[in-house]
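Engineer: here is my input, please return the structure:
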Amino acid sequence: MREKSLQAFYSLLLLFPSICYAGMPPQSGRSDVTVFLHVNTVSMETDRVLKDQTVLVQGGRILRIAPSTETPLPKHAAQIDGSGKYLVPGLADLHVHLFSSDDLLSYVANGVTTVMNMDGGPAHLQWRDQVRQGKLLGPTIYTAGHTTDGFPPLNEMFLTVEKPEEARAMVREEKQAGYDFIKLYGTLRPDVFHALLETAQQEKIPVVGHINRQVGALEVLKSTQVLAAHLEDLIFARFDHPPTDAELEEFATAIAASHITVTPNLNVNPTNIAQLQDLNAVLKSADAKLLPPAAYSQWMPANNRNERNDQTAQQIELMKEVQRTLYKLVNLLQAKEVRLVLGTDAAPYGFPGLSAHQELQELVEAGFTPYQALLTATRNPGAFIAENVPNALRFGTITEGAVADLVLLSANPLENIENVNRIDGVMLKGKWLSAAKLGSLQAAADAHAVKIKQRLEEIDAALESGDIDRAEKSAEPLKSESSPWIAEWVLMTKARKLQATKLPAAIQVAQLNTRLYPQSFAAFYLLADLLFQDRNLDQAMAQARKSLRLEPHNAATLNLAEKIETIQQPLRFKPAGTYRLEYTNDVSGEIQKTDLLIEAQPNGQLRGKKNDPDGNASVLSSVYAGGDRMWVVAGTSFGPLEFRISADGNNLSGYWAGPFGHNGKLSGKRVD
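Structural biologist: The predicted structure is shown next:
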């Protein structure tokens, strides 16, 4: 009697699937019911395996889980034999950087069915929607907006905000644009940081990212920021020395009390160490095939972020020492029940998809059980997304009603975490992709990518030397490519390398950047800045305006536009002379002093030196003046230090901005 009732129930579902799951369209041309037969399920609700189960999937959701002996099969259902195999929830990587839509396949092929992109733009919103609509094969995407930082930026691709009102407007616009999160970096002014979080709370958009160095780790933990990216970032923002075990214990207690979610990112140091030890071997490895061309371009020797020099051995040892500290802290956090979610920083610091497996192995190496490690990639991220993204699909467990993002393994991952590599197939929202199908798709993608990578070697060498004509000629066959074949960061870095000695070539690289990334405010800012250095002020302003149309609150572009407008005004003071300045750090209250010696050159341009009281002197990077204002940039070992000076007779006032977000007011006198 019970069996007949169940059969009638399943028949009703086949006729009227919308009764249970409205809005989940059936797969066209076939039944949307799939059954895993005789499979061992790792539900991630507990650390035990349910043997010999039948898992029924319908409408992209898990409909029923029951012992195989008790579960009749609906007619016309697609059947997958799970005998001797293990079904786990799809993995989630909540710290990735998607260079192009070409990245997505590698995540799916490695069982990663959900990603959180941590630096977004309009293209990422488009890919997110295309995946949701079934037009693009890939994991479910959640994306932050532009990485937001203080001025001067640590990375020119970041959106920089200097004023609270800019931060408030930026948050509202990113919310309206449809981003899922606001992503912060580490150098925002405290007043800007608090204004941003306050507005984000009002707009109901969660804030994630790095730990603000000006505010400090303990203050960030008291804020409404919901996720801390990078365990080492937490440590570096808290301690200016290697912490003792007692200090780590106390810090872990503070983190637990804050209820913030943390991504350990343990795979980053080993990834960097491997590149420092033998980058050539890494790039020739089978794993490197997972890097699509744009991501691969950042790993190439000329562009690789891991600089090899006579300090390489010491650098590697320091990374190993930091990793040991991270192992200690991550175990403390686990013991104190801090929610940990897997994040890998792929593809800048890991191979797409595969890096999730490496992170799981690092967690086990640190002392986690395989189950504890898997929690960071399944149930924990599912809970985090459910809390912070309205109407998000429920994922991360094999439970009735959850989205059918599943991975079939040929061995038990709770016995050995390396078994997550043994993938027999992946289900994406009820669509089954066998290992053979995924292998075929990956092989085709690799074959296409390898030809582009070979050409990319020629293009990169030409760009590096400043031979832009040769680079453009080599790139001609790539014009038909639908995805970018070189990373924007690479082009920006090369332009900056060329600007001092080959400014026209730098401008050409920046122009190429705007063609490949026409939606990037940073690309147009870079071009505007280089044209400004070339004294082509009208064109510089035109490009700055394009940048501001794409992102109206970027402080770097606003500052540049103000500078362009001002230096075209007649001078109302004599810029040559000696400027004795005091500049105060708005956060620490520290007062520093310096003398700027400015002189006019025969061509009318300005140059000068910065003389500090301790006797240190340095040549100024640039000096520009117009009206009653002057912009002076001095180089430091940590980055640029900019003085924005207003002159009223011999009285000076203004603002300064330095490396890592240090900034404040300045005052002084002309003494010549």
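
Engineer: domain assignment for this structure?
Structural biologist: The chain breaks down into these domains under automatic domain parsing: 91-395, 466-557, 577-670.

Engineer: for those, give me JSON lines that also has mean pLDDT.
Structural biologist: Listed next are the domains of the chain as JSON lines, based on pLDDT from 0 to 100:
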{"stretch": "domain 91-395", "mean pLDDT": "96"}
{"stretch": "domain 466-557", "mean pLDDT": "96"}
{"stretch": "domain 577-670", "mean pLDDT": "94"}
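
Engineer: which one of those lies nearest to Arg48?
Structural biologist: Arg48 lies closest to domain 91-395 among the domains of the chain, at 9.1 Å (CB to CB). Every C-beta, even on glycine, is put in place using the N, C-alpha and C of the backbone.

Engineer: excluding sequence neighbours, find me the nearest residue to Ala123.
Structural biologist: Gln519 (6.3 Å; CB to CB, 6 or more residues apart in numbering).

Engineer: am I right that that neighbour sits in a strand?
Structural biologist: No - under the criterion used here (DSSP: H, G, I helix; E, B strand; the rest coil), Gln519 is coil, not part of a strand.

Engineer: from here on, call the first residue 42.
Structural biologist: Sure, I'll start numbering at 42, so the last one becomes Gln560.

Engineer: how close does it get to Gly161?
Structural biologist: Note on Gln560: its distance to Gly161, by CB to CB, to the nearest Å, is 11 Å.

Engineer: of the two, which one has the most company?
Structural biologist: For Gln560 versus Gly161, the count of surrounding residues by other CB atoms under 10 Å is larger for Gly161: 27 against 12.

Engineer: helices of the stretch 242-391 of the chain, residue ranges please.
Structural biologist: Listed in chain order, the helices found in the stretch 242-391 of the chain under DSSP state H, counting those that start in this stretch are 258-262, 272-279, 286-299, 309-325, 334-340, 353-376.

Engineer: ugh, wrong one, I meant the stretch 392-541 of the chain
Structural biologist: All helices of the stretch 392-541 of the chain, identified by DSSP H, counting those that start in this stretch, fall at 395-407, 411-416, 420-429, 476-506, 509-516, 529-539.

Engineer: pick the most deeply packed of these.
Structural biologist: Most buried of these, by mean neighbour count (mean count of other CB atoms under 10 Å): helix 395-407, with a mean of 23.

Engineer: contact partners of it?
Structural biologist: For helix 395-407, the external contacting residues (CB atoms under 8 Å, 6 or more residues apart in numbering) are 132, 134, 147, 151-153, 305-308, 311-312, 328, 331, 367-368, 371-372, 383-387, 390-391, 411, 413-415, 417-418, 458-459, 461-462.

Engineer: neighbours around the closest residue to Phe280 other than its chain neighbours, how many?
Structural biologist: Residue nearest to Phe280 in three dimensions, not counting chain neighbours: Glu288, with 6.8 Å by CB to CB, 6+ apart. Here the number of neighbours of Glu288 (other CB under 10 Å) works out to 14.

Engineer: could you do Gln243 as well?
Structural biologist: Other residues near Gln243 number 12, with proximity taken as other CB under 10 Å.

Engineer: what's near enough to touch it?
Structural biologist: By CB under 8 Å, 6+ apart, Gln243 lies in contact with nothing.

Engineer: that one and Ile276, how far apart?
Structural biologist: 31 Å.

Engineer: what residues are up against the residue positioned nearest the centre of the chain?
Structural biologist: The centre of the chain sits closest to Met159, judged by CA atoms, centre = their mean, with a distance of 3.4 Å. With contact taken as CB under 8 Å, 6+ apart, Met159 is in contact with 136-138, 185, 188, 224, 249-250, 270, 384, 386.

Engineer: try it again at 7 Å.
Structural biologist: 136-138, 185, 224, 270 (CB atoms under 7 Å, 6 or more residues apart in numbering).

Engineer: any quick ChimeraX command for the buried ones out of the residues you listed?
Structural biologist: Of the contacts of Met159, the buried ones go into a single ChimeraX selection, burial set by 16 or more other CB atoms under 10 Å:
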select :136,137,138,185,224,270
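
Engineer: looking at the contacts of Met159, which is nearest Glu606?
Structural biologist: Distance from Glu606 was checked for each of the contacts of Met159 by CB to CB. The minimum falls on Lys224, at 30.9 Å.

Engineer: mind telling me what element the closest one is part of?
Structural biologist: Assigned by DSSP states H and E, Lys224 belongs to strand 223-225.

Engineer: hmm, who's touching that strand?
Structural biologist: Outside strand 223-225, the residues that touch it by CB under 7 Å, 6+ apart are 159-160, 185-186, 188-189, 212, 215, 237, 241, 246, 248-251, 253.

Engineer: now do the same contact list for the residue nearest to Ala164.
Structural biologist: 162-164, 591.

Engineer: measure stretch 650-666 end to end?
Structural biologist: Using CA to CA, to the nearest Å, the end-to-end distance of stretch 650-666 comes out at 15 Å.

Engineer: and for Gln242, nearest residue in space, chain neighbours not counted?
Structural biologist: Across the structure, with CB to CB, 6+ apart as the measure, the residue nearest Gln242 apart from its sequence neighbours is Thr265 (5.4 Å).

Engineer: show me what contacts the one you found?
Structural biologist: If a contact means CB under 7 Å, 6+ apart, then Thr265 has 238, 242, 248 as its contacts.

Engineer: returning to that earlier point: just name the closest of the contacts of Met159 to Ser663, please.
Structural biologist: Sorting those by how near they are to Ser663, with CB to CB, puts Lys224 at the top with 30.3 Å.

Engineer: which strand residues bridge that closest one?
Structural biologist: Lys224 has these beta-bridge partners by DSSP bridges: Val249.

Engineer: just to revisit the earlier point, okay, the domains of the chain in JSON lines with distance to Val444 next?
Structural biologist: JSON lines is the format used below for those (distance: least, CB to CB, whole Å):
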{"stretch": "domain 132-436", "distance to Val444": "4"}
{"stretch": "domain 507-598", "distance to Val444": "27"}
{"stretch": "domain 618-711", "distance to Val444": "40"}
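
Engineer: among the ones you listed, which is nearest Ile608?
Structural biologist: Each of the domains of the chain has some distance to Ile608 by CB to CB; the shortest is domain 618-711, at 3.5 Å.

Engineer: can you give me the end-to-end span of that closest one?
Structural biologist: 7 Å.

Engineer: just to revisit the earlier point, out of the contacts of strand 223-225, flag the one nearest to Lys615.
Structural biologist: Out of the contacts of strand 223-225, the member with the shortest distance to Lys615 (by CB to CB) is Thr189, at 39.2 Å.

Engineer: what sits against that closest one?
Structural biologist: 199-200, 202, 211, 223-226.

Engineer: try 6 Å
Structural biologist: Remark: with contacts taken as CB atoms under 6 Å, 6 or more residues apart in numbering, Thr189 is in contact with 200, 225.
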